[in-house]
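>>> based on what follows, work out the 3D shape:
(2 chains)
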Amino acid sequence: MADVAATRPVRNATSRTALVVVGLVVLAAVGLRLADPSRVAWMQAFLILLGSLLIVALPFVALGALASALIEVFVPIGTLEKLARLPRPLQLPAAGLAGVAFPICECGSVPVARRLAARGLMPSAAVTFMLAAPVLNPVVIASTYVAFRGRTALWTMVGGRFLLGLLVAVAVGWVVGNRTKDDLLRPRPDDRHAHHVELGPPEARWRRFFLHMGNDFLFMGRYLLLGATLAALVQTFLPTSLVLSVAGAPVLDILVMMGLATVLSLCSESDAFIAASFVQFGPAAQLAFLVSGPMVDLKLGALYAGTFRRGFVWMVVVAVFAATLVGAMWLKVVAG
Amino acid sequence: MAIAAWAGLFWFLLLTGRDDLYLSTRTIWVVPIGAVLLTAAALGRLASGRVRSPEPMHAREAWIMGLMVVPVVLVLALPPATLGTFSAGKRAGFGAVGFTVSVGDVGSGPLTLIDVASAQFSKSGEQALAKRAGEQVEFVGFVTRYPDTPADEFLLTRFIVTCCVADATIAQVRVVNVPPGLFETNDWVEVRGPIYPLGREVIVNASSVEAVPRPDRPYLTP
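As a prediction, the model looks like this:
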């Protein structure tokens, strides 16, 4: 694996750097308090939306980092390699269905998938798991049921979300194929540090656990911050009435709902309530929103960019959109 | 330090009740989880940091850590606020709130803004609400006005949040017979008066409008 840190000249932080950073943060706090940018309506909306997205997502990132550290430190390396020897037609659906037992949002599944791939699980299975978990978990299915309760399309939406979510995740896993973890994973500078610590005495296992958990949280957190900032900006300025103008337009309605899911970056446990609010759109477009949103959105895009190589991220995005579009169009033909 | 700052923010939200400004009552449980997990992570990280030959932190990494603390500073330094008229205008395009209460709930008992918003979503809901025309209601929300709003009217708005503020939809009724000039946009008020559903528009003929402080839970949860 190429080591990014070794190929670029890096400057180490000194106590002066730390002092400047802390000083600027304190200055920002005082400046914000005095200037109070929330007096400007759009700025206030943006700050509330950004805070809200981060506050709801970061505990899930922390949970994902915890699970990831547990896998790294406590799951023997041979266990996942044994699973990787299973035939792919069996491994991918199994990885997708494993998501049923992982009731956390999409932000938490990314560090877990990365760790699973790094520890020897077939990368295609890790990606399938990552994409399926936020769609198939019981909390999400229950919230979909509640959101569409009382509608004629209730079971189309609940069953369709589960089945299409699983199919899309497996299809993307299939597209990933036999790529190795080095083809997928973006090298992280802290991997080198973590490996260094692994050479320590065996009693330092809890230290390794906290080191991995902290590293994963900080690494995912920075990309989440970037993605949440973009999502909050879009949410601040995008009038939802714009979207309604294409309701009923064949194919375009599905594409627009997928695009909307991408920019809104909603949590998969609440997105069904928003999808259900677009009563002007049919079940196929709503289902496309519910399946593609938890797999590809702005905040996830930033998390993927930090975790995977750029070409691979684009491949996942295109594969998710293509598979969801085909599935939703098929549903439109069948269910109208 | 960045993990500790975020842990501190979650404890702050938990202890001050300001989590209500960002999350719905359904998802508020993530705040104590975040507080405990991040505190454990910060303490564990502090202890695990003492390795025999620690690697120095890169300057770039120090700046990124500083950036990660900025949202914490934003939440702590700025006065508590909620979404207002600006966002209501952007979210007015939602077809209806994405949930349904039963027609029975709309047809009997005291009417809430959630009932009204939900009833606008289906024909049976609209019919159940129409049967209650003329009944007295008491709604709390904030004043929304647009350039074409007549001086003796305003829209009473309340956001409905299912998970976090990012998924907010709006419940809105038109309040008529309001004394002109008394209330500013975004003022929180309590409106009393008979309700008159007219298809998808719901009108309240105000018998009284009083300014009230912003509720502790400014967002409604279905």
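>>> in stretch A:315-334, what's buried?
Neighbour counts over stretch A:315-334 (16 or more other CB atoms under 10 Å in any protein chain shown) mark A:315-317, A:319-321, A:323-325, A:327-328, A:331-332 as buried. Any C-beta I mention is one placed from the backbone N, CA and C, and that applies to glycine too.
>>> export those residues to a markdown table and tack on pLDDT?
Shown next, in a markdown table, are the buried residues of stretch A:315-334 (pLDDT from 0 to 100):
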| residue | pLDDT |
| --- | --- |
| A:315 | 93 |
| A:316 | 92 |
| A:317 | 94 |
| A:319 | 95 |
| A:320 | 95 |
| A:321 | 95 |
| A:323 | 95 |
| A:324 | 95 |
| A:325 | 95 |
| A:327 | 93 |
| A:328 | 93 |
| A:331 | 87 |
| A:332 | 85 |
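>>> of those, which belong to helices?
Members of the buried residues of stretch A:315-334 lying in helices (criterion: DSSP state H): A:315-317, A:319-321, A:323-325, A:327-328, A:331-332.
>>> of the residues you listed, which ones also sit close to chain B?
Filtering these for proximity to chain B by CB under 8 Å from any CB of the partner chain leaves nothing.
>>> stretch A:110-117 - what's its average pLDDT?
What stretch A:110-117 shows for mean pLDDT is 86.
>>> pull the longest strand from chain B.
Looking across chain B with DSSP state E, the single longest strand is strand B:188-198.
>>> and the contacts of that strand?
B:111, B:116, B:119, B:126, B:129-130, B:132-143, B:156, B:173, B:175, B:177, B:183, B:202-215 (CB atoms under 8 Å, 6 or more residues apart in numbering or on different chains).
>>> same deal with stretch B:30-42?
A:55-56, A:58-60, A:62-63, A:65-66, A:210, A:213-214, A:217, B:3-4, B:6-7, B:10-11, B:13-14, B:19, B:23.
>>> residues contacting residue 206?
I went with chain A, as the question did not name one. If you count contacts by CB under 8 Å, 6+ apart, residue A:206 has them with B:44, B:48.
>>> that answer is for a different chain, and I need it for chain B
Neighbours of residue B:206 in contact, by CB under 8 Å, 6+ apart: B:175, B:176, B:177, B:178, B:191, B:192, B:193.
>>> domain-wise, how is chain B divided?
B:2-49+B:56-77, B:85-211 (automatic domain parsing).
>>> among the ones you listed, which is nearest residue A:291?
domain B:85-211 (16.6 Å; CB to CB).
>>> what's the following helix or strand after the lowest-mean-pLDDT helix or strand in chain B?
Here the helix or strand of chain B ranked lowest by mean pLDDT, DSSP states H and E is helix B:103-107, holding a mean of 64. Heading C-terminal from helix B:103-107, the first helix or strand you meet, by DSSP states H and E, is helix B:113-119.
>>> low-confidence stretches in the chain?
Since you didn't name a chain, this refers to chain A. A:1-13, A:38, A:77-84, A:103-104, A:150, A:189-203, A:336 (pLDDT under 70).
>>> look at chain B instead
Looking at chain B by pLDDT under 70, you get B:49-57, B:92-107, B:121.
>>> which parts of it are strands?
Using DSSP E, strands in chain B cover B:136-144, B:153-160, B:169-176, B:188-198, B:201-205, B:208-211.
>>> pull the CA atoms of the longest one into CSV?
Going back to what we said before, that points to strand B:188-198. Coordinates of each C-alpha in strand B:188-198 appear next as CSV, following Å, rounded to 0.1, in the frame of the first residue of the first chain:
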residue,chain,number,x,y,z
TRP,B,188,-44.4,33.4,19.0
VAL,B,189,-48.1,33.7,19.6
GLU,B,190,-51.0,31.8,20.9
VAL,B,191,-54.1,32.0,18.7
ARG,B,192,-57.6,31.2,19.8
GLY,B,193,-60.8,31.2,17.7
PRO,B,194,-63.0,29.1,15.5
ILE,B,195,-61.5,27.0,12.8
TYR,B,196,-62.7,26.9,9.2
PRO,B,197,-61.1,24.3,6.9
LEU,B,198,-61.5,25.2,3.2
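>>> okay, the angle between the longest strand of chain B and strand B:136-144?
120 degrees (axes from the mean of the first three to the mean of the last three CA atoms, to 10 degrees).
>>> any idea how far strand B:188-198 is from the middle of the chain?
20 Å (CA atoms, centre = their mean, to the nearest Å).
>>> how about it: buried residues?
B:188, B:189, B:191, B:193, B:195, B:196, B:197.
>>> who's the first one bridged to?
When you say that, I think you mean residue B:188. For residue B:188, the beta-bridge partners under DSSP bridges are residue B:142.
>>> same question, the fifth one
With DSSP bridges applied, the residues forming beta bridges to residue B:195 are residue B:204.
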